[in-house]
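K.L.:
Sequence and predicted structure are below.
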Number of protein chains: 2
Amino acid sequence: MYERILKNLSRHIHLSPGEQELFTSCLKRRRLRRKQFLLQSGDISRYECFVDEGCLRTYGIDKKGQEHTFMFACEDWWTGDMYSYLTGQPSQFDIEALEDSSLLLLNKQQMDKLYEQIPQLNKFFRILLQNAYISMQRRINENLMLSAEERYNTFLTRYPQLENRIPLKHIASYVGITPESLSRIRNHRK
Amino acid sequence: MYERILKNLSRHIHLSPGEQELFTSCLKRRRLRRKQFLLQSGDISRYECFVDEGCLRTYGIDKKGQEHTFMFACEDWWTGDMYSYLTGQPSQFDIEALEDSSLLLLNKQQMDKLYEQIPQLNKFFRILLQNAYISMQRRINENLMLSAEERYNTFLTRYPQLENRIPLKHIASYVGITPESLSRIRNHRK
């Protein structure tokens, strides 16, 4: 039941059986059907969310009503709106399930208590945040410096399992181009 | 001599005098004159860098030779290229001193040892990374969703002390517009 998340933790820290039990006793499972929302803009993000099954998309909507995809998260990824979670401010993002999904949630009060009870979790989330940070740093850099085709290539590298799993329009919105332009790039390669 | 960095640490953790001494004994001071580089693209970023005095700018250069400013760091900020530091890959960024600056550096081997010797540092850098992460998350969001004028406003909010301290061209390159467009936005306000 908690095999995937414990394996995820074990990449960076070793918890005793007692610590594992304490940790998993704090988890709350949430299931979403395709097109349901984990978070809607205006809500406050109250959880660290581990994707146990399925796939989610985080996006924002600009003033013209245009969607911009910020990230995807499938099995073994953590998701949520860190800004809202940490500051208690309403989120500017929507997080929707692209497939039927199952998540494991930890709320902020529990997390703060768990950091005290299992100090190693500081190390785990420090490493997780380092990786998230460098991934985002690359993403800013890509948006500033790379062509559309190069940005599409980085999408393929970052999410090798997603190309045929999610609709083209969402990939286009992640890359920052129209679906038509993305189709042209794809056709050009065949 | 280490007052500023110890105060910076004390925001999130409390070190004993012995731990403070161990920590500061690992620091290496590096002074840069204006226009010198802390890091040049192609180099590997080997340090966590605390800005004790001065101001630095991190930027990349695209294939057309255009500079794109990623971030600024003045007193009390940490800087460096996290991606290069963590992966050992050459950096794609340059980090230059905009003023005569003084930095305190910790290399990766020392950091890894310090995490073992002072486990609280995991907590400190976890919190630092959380803040860096949400700041960068906002920056991506801004680039995708905000107008040039709104992006300039966020620059002013994020770096309230820098508007009159650094050249307009660097602010323009942070906002992602030409210096001429930035002048127009500024004049429009007077």
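P.N.:
Arrived safely, thanks for sending.
K.L.:
hmm, the worst-scoring helix or strand of chain A on mean pLDDT touching chain B?
P.N.:
One helix or strand of chain A scores below all others by mean pLDDT, DSSP states H and E: helix A:120-145, with a mean of 85. Yes - using C-beta under 8 Å from any C-beta of the partner chain as the criterion, contacts between helix A:120-145 and chain B involve A:122-123, A:125-126, A:129-134, A:136-141, A:143-145. C-beta: built from backbone N, CA, C; applies to glycine.
K.L.:
Check the offset of that helix from the chain's centre.
P.N.:
Relative to its parent chain, helix A:120-145 has a centroid offset of 12 Å by C-alpha atoms, centre = their mean, to the nearest Å.
K.L.:
quick one: buried residues of it?
P.N.:
For helix A:120-145, burial by neighbour count (16 or more other C-beta atoms under 10 Å in any protein chain shown) applies to A:120-134, A:136-137, A:139-145.
K.L.:
now swap in stretch A:3-22 and tell me
P.N.:
For stretch A:3-22, by 16+ other C-beta under 10 Å, it's A:4, A:5, A:8, A:9, A:13, A:15, A:19, A:20.
K.L.:
Please apply the same query to stretch A:152-163.
P.N.:
For stretch A:152-163, the neighbour count (16+ other C-beta under 10 Å) marks A:152, A:154, A:155, A:159, A:162 as buried.
K.L.:
and chain A, which of its residues are near chain B?
P.N.:
By the rule C-beta under 8 Å from any C-beta, the part of chain A lying against chain B is A:60, A:62-63, A:68, A:70, A:81-83, A:86-87, A:92, A:115, A:119, A:122-123, A:125-126, A:129-134, A:136-141, A:143-145, A:176.
K.L.:
about what we covered before: list just the nearest of the buried residues of stretch A:3-22 to chain B.
P.N.:
Among these, residue A:13 lies closest to chain B (C-beta to the nearest C-beta), at 10.0 Å.
K.L.:
and the spatially closest residue to that closest one that is not a sequence neighbour, what is it in contact with?
P.N.:
Leaving aside its sequence neighbours, residue A:13 sits nearest to residue A:120 (C-beta to C-beta, 6 or more residues apart in numbering or on different chains; 4.4 Å). By C-beta atoms under 8 Å, 6 or more residues apart in numbering or on different chains, residue A:120 lies in contact with A:13, A:14, A:15, A:19.
K.L.:
Can you name the residues in contact with the helix or strand where the last one lies?
P.N.:
Counting by DSSP states H and E, the secondary-structure element that holds residue A:19 is helix A:17-25. The set of residues that contact helix A:17-25 without belonging to it, under C-beta under 8 Å, 6+ apart, is A:2, A:5, A:6, A:9, A:15, A:114, A:117, A:118, A:120, A:121.
K.L.:
Over to stretch A:175-190?
P.N.:
Stretch A:175-190 is contacted by residues A:68, A:143, A:148, A:149, A:151, A:152, A:155, A:168, A:169, A:171, A:172, B:144 when judged by C-beta under 8 Å, 6+ apart.
K.L.:
Stretch A:53-73 now?
P.N.:
With C-beta under 8 Å, 6+ apart as the test, stretch A:53-73 has contacts from A:32, A:38, A:41, A:51, A:74-75, A:79, A:81, A:92-103, A:159, A:162, A:165-166, A:170, A:173-174, A:176, B:137, B:140-141, B:144-145.
K.L.:
Can you flag the buried ones in those?
P.N.:
Here, 16+ other C-beta under 10 Å leaves A:32, A:38, A:41, A:51, A:74, A:79, A:81, A:92-98, A:101-103, A:159, A:162, A:166, A:170, A:173-174, A:176, B:137, B:140-141, B:144-145 buried among the contacts of stretch A:53-73.
K.L.:
So which of these are in helices?
P.N.:
Under the assignment DSSP state H, these contribute A:170, A:173, A:174, B:137, B:140, B:141, B:144, B:145 to helices.
K.L.:
Closest to residue A:110 out of these?
P.N.:
Lowest distance from residue A:110 to these (C-beta to C-beta) belongs to residue B:137, with 22.6 Å.
K.L.:
Low-confidence stretches in chain A?
P.N.:
Along chain A, the parts satisfying pLDDT under 70 run over A:190.
K.L.:
Which residue ranges of chain A form strands?
P.N.:
A:28-32, A:37-39, A:47-53, A:55-61, A:67-74, A:78-79, A:94-97, A:101-107 (DSSP state E).
K.L.:
Would you reformat those strands as TSV and include distance to residue B:107?
P.N.:
Below are these laid out as TSV (distance: least, C-beta to C-beta, whole Å):
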stretch	distance to residue B:107
strand A:28-32	41
strand A:37-39	39
strand A:47-53	31
strand A:55-61	35
strand A:67-74	31
strand A:78-79	29
strand A:94-97	38
strand A:101-107	34
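K.L.:
Now do the least confident helix or strand of chain A and helix A:17-25, the angle between them.
P.N.:
50 degrees (axes from the mean of the first three to the mean of the last three C-alpha atoms, to 10 degrees).
K.L.:
Next, the angle from helix A:120-145 to strand A:47-53.
P.N.:
80 degrees.
K.L.:
if we can go back for a sec, now, which of the buried residues of stretch A:152-163 sits nearest chain B?
P.N.:
Nearest member of the buried residues of stretch A:152-163 to chain B, counting by C-beta to the nearest C-beta, is residue A:154, at 12.7 Å.
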